[in-house]
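generate coordinates for the sequence data below:
(2 chains)
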Amino acid sequence: NAGVMQNPRHLVRRRGQEARLRCSPMKGHSHVYWYRQLPEEGLKFMVYLQKENIIDESGMPKERFSAEFPKEGPSILRIQQVVRGDSAAYFCASSSQETQYFGPGTRLLVL
Amino acid sequence: DQQVKQNSPSLSVQEGRISILNCDYTNSMFDYFLWYKKYPAEGPTFLISISSIKDKNEDGRFTVFLNKSAKHLSLHIVPSQPGDSAVYFCAASVGGGSQGNLIFGKGTKLSVKP
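Just a heads-up that it's a prediction; the model follows:
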């Protein structure tokens, strides 16, 4: 049973470009969460989604960031007009019951 | 204001001895707690969890203790092995781990020396 998959593992963007991060949850999991980790910090919650629904987006920046989890296909975290401060590791997790299982992360570098 | 605190950024332990990692929280609504281990350039790996209705949960070499009155939990690893060297994160949630976001501490870097 494959774990949570994320791609790309590394992403380099120039300021002003768009970044798209993908997450495929574990088989049978219908809950997806996105977290961001800045250097020397813990993970910070961004958004919680179920299929075609955003359940909690209290951790999402108000502008430039959006997330979706369509009926078919992976969950997408989209960052428009990236800035240097968006450089971080972005982790996706999925769950079916109590425990969230994490993917390997996407490391975004904004030049 | 940090709701989950890991006050020791690092811990060094000799192989075979016990490692004790500590975590404090401030929100009395938290009812589910988890420990994750993280290697560089990888995602966090789930280790062990505990519900607030319990005060201890054990899985092999890993035991988590919860003291609700002190708002404190700890992870014990015994015996410690060099492969345990990693950053350990404590996390907490309200309504169970699948119902919403996890609040993470900043982590404790454990080094187990042979």
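
any idea which residue is closest to the centre of chain A?
A:Trp34 (4.0 Å; CA atoms, centre = their mean).

what separation is there between that one and chain B?
Relative to chain B, A:Trp34 is positioned 10 Å away (CB to the nearest CB, to the nearest Å). C-beta here means a position set from N, CA and C on the backbone, and glycine is covered the same way.

residue contacts, that residue?
A:Cys23, A:Phe45, A:Met46, A:Val47, A:Ala67, A:Ser75, A:Leu77, A:Tyr90, A:Phe91, A:Cys92, A:Ala93 (CB atoms under 8 Å, 6 or more residues apart in numbering or on different chains).

identify the bridge partners of it.
A:Val47, A:Cys92 (DSSP bridges).

can you put the contacts of A:Trp34 in CSV and add distance to B:Pro9?
Compiled in CSV, those are given as follows (distance: CB to CB, whole Å):
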residue, distance to B:Pro9
A:Cys23, 29
A:Phe45, 22
A:Met46, 24
A:Val47, 28
A:Ala67, 31
A:Ser75, 32
A:Leu77, 29
A:Tyr90, 23
A:Phe91, 20
A:Cys92, 26
A:Ala93, 24
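
A:Arg20 belongs to a helix?
No - counting by DSSP: H, G, I helix; E, B strand; the rest coil, A:Arg20 falls outside a helix, being strand.

which one is it nearest to, not counting chain neighbours?
Excluding the flanking residues, the one nearest A:Arg20 by CB to CB, 6 or more residues apart in numbering or on different chains is A:Arg78, at 5.5 Å.

kindly report the same for B:Phe62.
Closest to B:Phe62 by CB to CB, 6+ apart is B:Ile48, at 4.9 Å.

that neighbour belongs to a strand, doesn't it?
Yes - under three-state DSSP, B:Ile48 falls within a strand.

for the residue nearest to A:Arg20, what are its contacts?
A:Glu18, A:Ala19, A:Arg20, A:Leu21, A:Phe65, A:Ser66, A:Ala67, A:Glu68.

okay, and the beta partners of the second one?
I take that to be A:Ala19. A:Ile79.

so who does it touch?
A:Leu11, A:Arg13, A:Arg78, A:Ile79, A:Val82, A:Asp86, A:Leu108, A:Val110.

equivalent analysis for the last one, please.
The contact partners of A:Glu68, by CB under 8 Å, 6+ apart, come to A:Leu49, A:Ile54, A:Ser75, A:Ile76, A:Arg78.

where does the chain dip in pLDDT?
If you meant another chain, say so; for now it's chain A. Within chain A, the ranges that satisfy pLDDT under 70 run A:1.

that answer is for a different chain, and I need it for chain B
Short version for chain B, where the test is pLDDT under 70: B:1, B:96-99.
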